[in-house]
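> Need a 3D model of the sequence below.
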Amino acid sequence: MRSAVARRENLILERVRHLVEIESPSGDREASTRITDVLIEWFGALDVQIETVRAEAGTHLLIEAPGTTDEAPLLLIGHSDTVWPSGTLDTSLPWSVQDGVVRGPGAFDMKSGLVMILSALELLKGRPRRSVRILINADEEIGSPTSQDLVRRAVAGAAGAIGFESPHPDGAFKVGRRGSTRIHVEVTGHEAHAALDPDKGVSAIDELVDQLLVLRGIVEEASLSAPVLFNVGTVSGGTRANVVPGQASAEIGLRFLDAVTEHAVLERFADLAPVRRGAVVTTKVLSSRPAWKATSADAALLREVSLLAEGFGWDATGRPAAGAGDTNLVGALGVPTIDGFGPAGAGSHAADEHFLLPDLYRRTALLAALLQR
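As a prediction, this is how the structure comes out:
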């Protein structure tokens, strides 16, 4: 019996390694095709229907795995893209397994989670289980710009949803997430010689600085009712010191606790008026994930999972998270949702990315038990 368990665990680890060694940065369509071809082969060995959706960002998969009951399907959500550029595996973050700690680009976020889904279904092959719908998209790390409509379609008729992003550092599930929006602010002014004709110029950079102060004031006002995180991530503009700059731009990241504050702030951001005559200010939403505020339905799903976890000697808990993911949209649409079902670890998006191998096996077993219910 133990040898069968050991073989299964070895297969799980080898599959994670296989996926990690197919480096798949967001936006690399060829890499996305390579990894989804492998996933199609693996899932295709089961009794499932696979829909392939090719998009500008990569290849998305929607998989239906009918069960033995008439229950509505449980939606399992993951992604195949990573933040890491090709070549990371051979340089800053090579694959390694040492003392139960597994490292590699995308191992933690979130190729291990994809293998969990596959392994749980294989474990239950020929046994009674509920129906499952699986969404694996290729652009989660850049805000899911080409897959949000697919997420909405996948949610239809689902009884609940499980996300396979990383858990909290202490292993707790994520129930509720801040809304996340990226805004691009573009300012057009008028170039002129900074010494000979300064009055004929309209400085796009000066206008941008003033607009950023306006935006910060909007956020500070909104934060009186619910805290809003505001980060100017990039600023660019101008050509040289003796030219009044005609162009300037900034990219801003915003995080929201609730939908009311989110809508109020974004509405005001979309209606900016120039501070100086002759300047033109435009804003564009680059990506947006709505705030997911946990509900009693989410809490009920968490209780169900926690009761099952007790059978594994595990006191499973959950709480809101600051980061955003595809479960933002799912939870905001009212589907009972929990996230953070991936294995415990650390270093997401960092050079120390890793997960804990024993926890990968434990959570795979917990997922199988949940699907059997």
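> Check which helix or strand the most centrally placed residue in the chain maps to.
For the chain, Gly325 is the residue whose C-alpha lies nearest the centre (C-alpha atoms, centre = their mean; 3.2 Å). Using DSSP states H and E, Gly325 maps to neither a helix nor a strand.
> Quick check: the gap between the residue of the chain most remote from its centre and Asn242.
Each residue of the chain has a distance to the centre, and by C-alpha atoms, centre = their mean the biggest one is for Leu196: 50.6 Å. From Leu196 across to Asn242, the span is 9 Å (C-beta to C-beta, to the nearest Å). Glycine gets a C-beta too; all of them are placed from N, C-alpha and C.
> ok, now Gln148?
As judged by C-beta to C-beta, Gln148 and Asn242 stand 45 Å apart.
> Looking at those two now, which is surrounded by more residues?
When Gln148 and Asn242 are compared for neighbours, Gln148 comes out ahead with 17 against 9, by other C-beta atoms under 10 Å.
> Break down the stretch 101-250 of the chain into its helices, ranges please.
112-123, 148-155, 204-222 (DSSP state H, counting those that start in this stretch).
> a markdown table for those, including mean pLDDT?
Listed next are these as a markdown table, based on pLDDT from 0 to 100:
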| stretch | mean pLDDT |
| --- | --- |
| helix 112-123 | 98 |
| helix 148-155 | 96 |
| helix 204-222 | 97 |
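> Could you say which of the ones you listed is packed most deeply?
Greatest average neighbour count among the helices of the stretch 101-250 of the chain goes to helix 112-123 (a mean of 24), per mean count of other C-beta atoms under 10 Å.
> ok, residues contacting that one?
8, 11-12, 15-16, 19, 39, 42-43, 46, 48, 65, 76, 78, 80, 102, 132, 134, 136, 164-165, 341-343, 355, 360, 363-365, 367-368, 371 (C-beta atoms under 8 Å, 6 or more residues apart in numbering).
> Return the subset of those lying in strands.
The strands, defined by DSSP state E, take in 65, 76, 78, 102, 132, 134, 136, 355 from the contacts of helix 112-123.
> distance of the residue farthest from the centre of the chain from Ser180?
To Ser180, Leu196 is 46 Å away according to C-beta to C-beta.
> ditto for Leu224
Distance of Leu224 to Ser180, computed by C-beta to C-beta: 21 Å.
> the more surrounded of these two?
Between Leu224 and Ser180, counted using other C-beta under 10 Å, Ser180 has the larger neighbour count: 22 against 9.
> right, and the more buried one touches Val285 too?
No. If you go by C-beta atoms under 8 Å, Ser180 and Val285 don't touch, sitting 11.3 Å apart.
> one step back: wouldn't the residue nearest to the centre of the chain be in contact with Glu165 here?
Yes. The pair Gly325 / Glu165 is scored as a contact, 5.0 Å apart, by C-beta under 8 Å.
> now the strands for the stretch 201-350 of the chain?
In the stretch 201-350 of the chain, the strands defined using DSSP state E, counting those that start in this stretch lie at 229-237, 243-244, 247-256, 280-289, 318-321, 337-338, 345-346.
> of all the ones you listed, which lies closest to Thr52?
Among these, the nearest to Thr52 by C-beta to C-beta is strand 280-289 (23.3 Å).
> Domain-wise, how is this structure divided?
Per automatic domain parsing, the structural domains of the chain span 2-178+291-372, 179-289.
> before we move on, the earlier item: let me know which of the strands of the stretch 201-350 of the chain is tucked in deepest.
Among those, the stretch with the highest mean neighbour count (mean count of other C-beta under 10 Å) is strand 337-338, at a mean of 29.
> partners of the residue nearest to Ser236 when sequence neighbours are not counted in the sheet?
Excluding the flanking residues, the one nearest Ser236 by C-beta to C-beta, 6 or more residues apart in numbering is Ser249, at 5.6 Å. Judged by DSSP bridges, the bridge partners of Ser249 are Glu186, Ser236.
> How about the contacts made by Ser249?
Counting by C-beta under 8 Å, 6+ apart, Ser249 has contacts 184-187, 208, 235-237.
> Kindly recompute the last result at 7 Å.
184-187, 236-237 (C-beta atoms under 7 Å, 6 or more residues apart in numbering).
> export those residues to CSV and tack on distance to Arg303 and pLDDT?
Formatted as CSV, the contacts of Ser249 follow (distance: C-beta to C-beta, whole Å; pLDDT from 0 to 100):
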residue, distance to Arg303, pLDDT
His184, 41, 98
Val185, 44, 98
Glu186, 47, 98
Val187, 50, 98
Ser236, 49, 98
Gly237, 52, 98
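> For Ala297, state which of those is nearest.
Nearest member of the contacts of Ser249 to Ala297, counting by C-beta to C-beta, is His184, at 35.2 Å.
> Neighbour-wise, give me the winner out of the ones in strands among the contacts of helix 112-123.
Phe355 (29 neighbours).
> For stretch 101-112, which residues meet the burial criterion?
Residues of stretch 101-112 classed as buried by neighbour count (16 or more other C-beta atoms under 10 Å): 102-112.
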